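Colleague: Here you go, sequence then predicted model.
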Amino acid sequence: MTKSATREAADKVTFTQTEVTSAITAGDTAARAGRKNWIINGDFQISQRGAYSSATSITASPVYYLDRFRAKHNNISATTVRQTNQTVNGKVTNTMMLTATAGSNGRVEAVQVIEDEVFNSQTVTISAWVISNSASARLIIHQNGANIQTSSNAHTGGGAYELLQATVTCASNAGQLHIYTGIQAAATGNVAIANGDYFKMAFLQLELGSVATDFEHLSYAEQLRLCYRYFYNLTYLHPTYARFNFHYEASAWISLAINFPVTMRTMATFSHSLTNAKNKGASPSAGEDKWCYYIQNTGFRGNAGSGNISGLGGNGITHGQCGTVNHSPNGHASHIFIGTGCTFQFDAEL
Amino acid sequence: MDYSNIVSAKYTFDNESIFCVVGTDNPLSVSVPVSTDNTDYQTLMQMVADGDLTITEAAIV
């Protein structure tokens, strides 16, 4: 088989460097750049603290609901809800919604703090698809070191999804970036909010450069591991209960080591809801705020002795080392079962 | 951590952490490490500075 003259000529065509460079689009650059979204859980797949599938009241103090997002209101009242399987810009995703349940001069917002401080003098772009009935719905990049705020275009308030985006070249002392989303003034202050005003967003992304590119999708497993650095709820994915071996010294001390799936950001705060009264003496059912000991060849046991399991405390970065003194499991118990309705979690959030 | 509902706070042995009881109806036991990078610790120290929280010393064991 021989090439045609046209084919041979085409094969010999060469391009100058200038021609190659000018032919590379912003999309090409994004596609070859690897990981690009500095927002974690920007499609709201992970919610270890609760489902929040129905409207949940938020407070004036910032509280984490969906992983990596802390929400609050100011001078009004408001709720948050996470909705799954929403169609946004032709794609199926989850959304996070904030709704004012009382009107005033105030604001309602969700914030993510970016841990890495690598944005000094860098150009960054924030973007998200937002639906709102408020013309004060917006995204804001706050440079915490330089105390500079950059707002996206405000939503029209027209009740349809719109792409909001903002680009800024950060100051040389930008420090940490805080990404504010919600109904708020351009510099994160209060605005006029009416009862029923809402803000719902999808595909939140922060990336280097001046172009808002397509959202970078990560699998559930990838997002979950990123979230584990900041928060680890041991009962989140267990079907009925979490079970741990523990060390027991007769009538003196129990301790258990809990391996974290990833190294946490810093020494984590450990919170639990175990009390002596919640010792079921049997295997906890799914969703129960109960726990128990298990003794090999003997079975489940109720609490006994003079100890107090509510005194269980501890911390860790790579693993949690938890213990309490003078707790008697009434025999040489080897396991502790913690129901999925219990609080049993480690928090190293920003 | 629900800072507005801290019932008690005390340092643990060797001042490794601050053990808090949070809430009354269904209390949580919360161990906050003495670590300046931990945001809960930062908040507790600010509450102490503002006079909003007293942390008792560790018991001698």
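Modeller: On my side now, so go ahead.

Colleague: quick one: terminal-to-terminal distance for stretch A:171-180?
Modeller: 18 Å (Cα to Cα, to the nearest Å).

Colleague: Buried residues in it, which are they?
Modeller: The neighbour-count check on stretch A:171-180 (16 or more other Cβ atoms under 10 Å in any protein chain shown) flags A:174, A:175, A:177, A:178, A:179, A:180 as buried. C-betas here are computed from N, CA, C, even on glycine.

Colleague: can you pull the alpha-carbon coordinates of stretch A:122-132 into CSV?
Modeller: The C-alpha trace of stretch A:122-132 is given here as CSV (Å, rounded to 0.1, in the frame of the first residue of the first chain):
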residue,chain,number,x,y,z
GLN,A,122,-0.9,33.4,42.6
THR,A,123,-3.9,33.9,40.4
VAL,A,124,-6.9,31.8,41.5
THR,A,125,-10.4,31.4,40.3
ILE,A,126,-13.5,30.3,42.3
SER,A,127,-16.6,29.0,40.6
ALA,A,128,-19.9,27.2,41.3
TRP,A,129,-23.3,26.7,39.8
VAL,A,130,-25.8,28.5,42.0
ILE,A,131,-29.5,28.8,42.1
SER,A,132,-31.1,31.5,44.2
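
Colleague: quick check: mean pLDDT across that stretch?
Modeller: Average pLDDT, stretch A:122-132: 98.

Colleague: For chain A, tell me whether stretch B:4-20 is touching it.
Modeller: Yes: looking at stretch B:4-20 against chain A by Cβ under 8 Å from any Cβ of the partner chain, the contacts come from B:4, B:12, B:16, B:17, B:19.

Colleague: Serialize those residues to JSON lines and add fields for neighbour count.
Modeller: JSON lines is the format used below for these (neighbours: other Cβ atoms under 10 Å in any protein chain shown):
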{"residue": "B:4", "neighbour count": "11"}
{"residue": "B:12", "neighbour count": "20"}
{"residue": "B:16", "neighbour count": "17"}
{"residue": "B:17", "neighbour count": "25"}
{"residue": "B:19", "neighbour count": "24"}
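
Colleague: Farthest-apart pair in those, please.
Modeller: Within those, B:4 and B:16 form the most distant pair, 25.1 Å apart (Cβ to Cβ).

Colleague: Which pLDDT value goes with residue A:292?
Modeller: 88.

Colleague: count of residues packed around it?
Modeller: As a burial measure, residue A:292 scores 24 neighbours (other Cβ atoms under 10 Å in any protein chain shown).

Colleague: Poorly predicted segments of chain B, please.
Modeller: B:60-61 (pLDDT under 70).

Colleague: list the contacts for residue A:91?
Modeller: Shown in contact with residue A:91 (Cβ atoms under 8 Å, 6 or more residues apart in numbering or on different chains): residue A:203.

Colleague: helix or strand right after the strand or helix carrying residue A:71?
Modeller: Assessed by DSSP states H and E, residue A:71 sits inside strand A:70-74. Using DSSP H and E, the helix or strand that directly follows strand A:70-74 along the chain is strand A:77-88.

Colleague: If we go by neighbour counts, what in that next one is buried?
Modeller: Judged by neighbour count (16+ other Cβ under 10 Å), strand A:77-88 contains these buried residues: A:77, A:78, A:79, A:80, A:81, A:82, A:86, A:88.

Colleague: Can you convert these into CSV and add a column each for pLDDT and distance to chain B?
Modeller: Shown next, in CSV, are the buried residues of strand A:77-88 (pLDDT from 0 to 100; distance: Cβ to the nearest Cβ, whole Å):
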residue, pLDDT, distance to chain B
A:77, 97, 16
A:78, 98, 17
A:79, 98, 18
A:80, 98, 16
A:81, 98, 21
A:82, 98, 21
A:86, 97, 30
A:88, 98, 32
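
Colleague: Farthest pair within those?
Modeller: A:77 and A:88 (26.9 Å).

Colleague: give me every residue that touches the nearest residue to residue A:54 once chain neighbours are set aside.
Modeller: In space, and not counting its chain neighbours, residue A:54 is closest to residue A:81: 6.3 Å by Cβ to Cβ, 6 or more residues apart in numbering or on different chains. In this structure, residue A:81 makes contact with A:52, A:53, A:54, A:55, A:56, A:96, A:97, A:99, judged by Cβ under 8 Å, 6+ apart.

Colleague: hmm, back to that, the strand holding residue A:71 and chain B, any residue contact?
Modeller: No: in terms of Cβ under 8 Å from any Cβ, no part of strand A:70-74 sits within range of chain B; the closest distance is 10.1 Å.

Colleague: Neighbouring strands - and their directions - for that strand?
Modeller: Within its sheet, strand A:70-74 is paired with strand A:63-64 (antiparallel), strand A:104-113 (antiparallel), according to DSSP bridges.
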